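Colleague: Quick one: sequence plus predicted model below, questions after.
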Amino acid sequence: MTSRIASAIALLALAAAPAWIGSDYYLNVLSQVLIGAIFALALNVIVGYGGLVSIGHGALFGIAAYAAALLLNAGYGHFAAIVFGLLVTLVATALFAVLSLRASGIGFMMITLAIGQLLWGLAYRWVTLTNGDNGINLAARPQPFGLSLAGADAFFYATLLVFLAALVSMTSFIRSPFGESLVGTREQPRRMTALGFSVWRIRFFACLFSGMWSGVAGLLFMYYNQFISPHAMSLSASAEALLMVIAGGSGTVLGPIAGAALVVIMKFVASAYIERWNFVLGAIFVFIVLVMPEGVLPGSARLLGAAWGKLKGADARA
Amino acid sequence: MRALEIQGLTKAFGGLKVTRDVNLSVEPGERRLVIGPNGAGKTTLFNLITGELRPDAGRMSVFGQPLDDLPAWRRAHLGLARTYQIITLFPKATLAHNVCLSVLGLSRARWRPWGALAREQAFDARARETLAQVELAHLAGRRLSETSYGEQRRTEIAMALAQRPRLLLLDEPFAGLSLDERNDVRKLLARIPRDVTIVMIEHDMDVALELADRITLMHFGEVVVEGTRDEVVAHPRTREIYLGA
C-alpha cells in the first residue's frame, strides 16, 4: 500500500515536472535521465536478473539509432524508421547473443566487449555509411498524431510515456514465469537444467528483451539530440550504463532508475565545474562500492534500517 | 521395456577412465541401489544419465526412449528427475517457490513473460501438495536458507517428486543427515509409489539396504557385482571391496 502511494506521488511529480522545473534546460536533463533509465533497465534484465554482465550494450543502443537515422535520411517516415531501427536491433541482438552466450561470467563479458568495440569501430570507420566521427544529423523530431515533439515539454512527455511503458513491462517481466526462470538460471544453472529449463534459450530470449529496450532507449537518444555519432556506441557509453545499473542496485526495478539519475545528473552538475567529471563519477562509484556494494537504493534501505534499529534500541534503553 | 537401459557406457577424463563399459538395466518400479567406494564413478554415472556429461561411447535409453544426444534439459521432460549429492537449491527463495520452479520446469508456461508466477494457483497448489507429501507443508512460506539441512534435503526430494517423474535418481539422499533426519527421509522414500522407478547412490548401508530390490556394486568405473540384495551382500567381492573383509 505505501509503495503504491509512493509510486503515485512519484508519477504525479514526474507528470508535473515541466511546471515545477520551469526551465527547458533542466527539463531536458530530466528527459536524459529517463532515457538513461530505460537503457539501464534494459541492461539490468541480463546483468541483474540474468547474472550476465555485458559491456557491449552501447552497440545495441547505437545500432538502433543508426539504423533509424539512415532510413530517415534516405527519405522514409518516422514510423518506418522506428520499426526498422527496432528490427535491426533485434537481429543484431540475436547475433550478439548467439556469439556471447557461448560463455558466461568473465567470458561473456569479454565477448560482449569485443562485439561492442567491433560495432563501434564500424560506426567510426565506415565513413561512407555512417559519416564517421561527424555522425548523422536529423532534420526533425517526429510528430505523432500531429503533435510536435520539437519543444522540451512535448519531448519530455513522449519520453515519460515510453519510460512508463518500459517500467510496466519490466515489472511484469520479472514477476512472470519467464522472469523467475531467468533468475533461477542466475542462481543455479545446473539445477535449472536438471529441472527441464533450457538455460541457453532462457538467456537468449532475455538478451532479446534487453536488446529491444536498449534499442528503444537508443531511438529516444537519437531523437533527443537529433544526432547520432559513434560516441553513443563507445566503451565509455556501455560502461556508463553498467555503472547506472550497479550503482543504483542491480536486480531491482528502481535501482537502475536511481543509478541513471545519479550518473546523468552528476554528469551535468560536475561537468559545469570540472572538465574531468569522470573523476568525480569514479570517486562516487568507489564510495558506493565501499559503503553499499549492493547499490544505492538497496544500500540506503539497509543503512536506514540499521539506523532506525539503533534509534529504537536507544529509546528502549532510555 | 526397461525403465533404464545402459549399454557399454564409457567416459574418460583425460587418461582416467571413470566409467568403463558399464551395462545396467533397471526394471520399471524397481528400487536399485548403486554402491561402491569413493571414486567408483557412481556420480559420474548419474551425470551421464542426466546429460550433464557426454559419454565417450555407449548407449542409454529411458523407458525405451534413446537418450543419445538429447540435451540435458530435455531429459527432464522424459520423466527423469534427480537430486544432488551437494544440495543445489535456491536458498533465498521460499520452500514453496523452490518447488514451484520445479513444477514450472516441465510446463509450457515457463516461456510466458507476463503474469505473476506467484499468482499461479495451479503451481502453488501443486507445490504445497508436494511439500505436504514430505511433511514440510507448515514451512512452505519459509526461506530455504532458514531451514535445517534435513528439511532442505526433503525439499529437494519434493522438487523431484513435484515433477511426477518416472525415473528418479537420488545421489546420496542420506548424506550429512542426523539419525532422526535419516529416518524421516527413509520413511518418505519408502512411501514413493511403485510407478516411480528409483536408482539411488548411497553409502549408508543400514538405511539404504532395506529400500533396495537389487544392488549394483561399482569399483574403478566398472560394474563388479550385480544382483539381489542378499546376493550382493553375500558376494565375496563385495566384502573385499566395499565392506572391508
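Modeller: The structure has been received and is ready for your questions.
Colleague: Now A:Val280: phi and psi?
Modeller: Per-residue torsions, A:Val280: phi -60, psi -40 (degrees, to the nearest 10).
Colleague: Disregarding residues adjacent in the polypeptide, which is nearest to it?
Modeller: Counting by CB to CB, 6 or more residues apart in numbering or on different chains, A:Ala270 is the residue found nearest to A:Val280 once chain neighbours are left out, at 4.3 Å. To be clear about C-beta, it is placed using only N, CA and C from the backbone, and glycine gets the same treatment.
Colleague: Next, that neighbour: secondary structure please.
Modeller: State at A:Ala270, reduced to three classes by DSSP: H, G, I helix; E, B strand; the rest coil: helix.
Colleague: May I have the residues that are in contact with it?
Modeller: Contact analysis of A:Ala270 by CB atoms under 8 Å, 6 or more residues apart in numbering or on different chains lists A:Trp277, A:Val280, A:Leu281.
Colleague: From A:Ser181, how far off is it?
Modeller: As judged by CB to CB, to the nearest Å, A:Ala270 and A:Ser181 stand 40 Å apart.
Colleague: Contact residues of the stretch 51-200 of chain A facing chain B?
Modeller: A:172-173, A:175-181, A:184, A:187-188, A:190-199 (CB under 8 Å from any CB of the partner chain).
Colleague: can you check the stretch 201-318 of chain A too?
Modeller: Near chain B, the residues belonging to the stretch 201-318 of chain A are A:Phe205, A:Phe209 when assessed by CB under 8 Å from any CB.
Colleague: so what's the residue of the stretch 201-318 of chain A at minimum distance from chain B scoring on pLDDT?
Modeller: For the stretch 201-318 of chain A and chain B, the shortest gap (CB to the nearest CB) falls at A:Phe209, measuring 7.1 Å. On pLDDT, A:Phe209 comes in at 96.
Colleague: any idea which helix or strand comes after the helix or strand A:Ile106 falls within?
Modeller: Per DSSP states H and E, A:Ile106 falls inside helix A:105-125. Helices and strands here follow DSSP H and E; after helix A:105-125, the next one along the chain is helix A:127-130.
Colleague: can you tell me the distance between the two ends of stretch A:217-231?
Modeller: End-to-end distance for stretch A:217-231, by CA to CA, to the nearest Å: 15 Å.
Colleague: Can you mark which positions in that stretch are buried?
Modeller: If you call a residue buried by 16 or more other CB atoms under 10 Å in any protein chain shown, then stretch A:217-231 has these buried ones: A:217-225, A:227-230.
Colleague: Now do it, average pLDDT.
Modeller: 93.
Colleague: Convert the C-alpha atoms of stretch B:192-202 to PDB, please.
Modeller: Output in PDB follows, covering the C-alpha atoms of stretch B:192-202 (Å, rounded to 0.1, in the frame of the first residue of the first chain):
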ATOM      1  CA  ILE B 192       7.000 -43.200  -3.000                       C
ATOM      2  CA  PRO B 193       4.600 -45.300  -5.200                       C
ATOM      3  CA  ARG B 194       6.000 -48.000  -7.400                       C
ATOM      4  CA  ASP B 195       5.100 -46.200 -10.600                       C
ATOM      5  CA  VAL B 196       8.300 -44.300  -9.900                       C
ATOM      6  CA  THR B 197      11.500 -46.200 -10.600                       C
ATOM      7  CA  ILE B 198      14.300 -45.300  -8.200                       C
ATOM      8  CA  VAL B 199      18.100 -45.500  -8.700                       C
ATOM      9  CA  MET B 200      19.900 -44.500  -5.600                       C
ATOM     10  CA  ILE B 201      23.600 -44.000  -4.800                       C
ATOM     11  CA  GLU B 202      24.200 -44.400  -1.100                       C
END
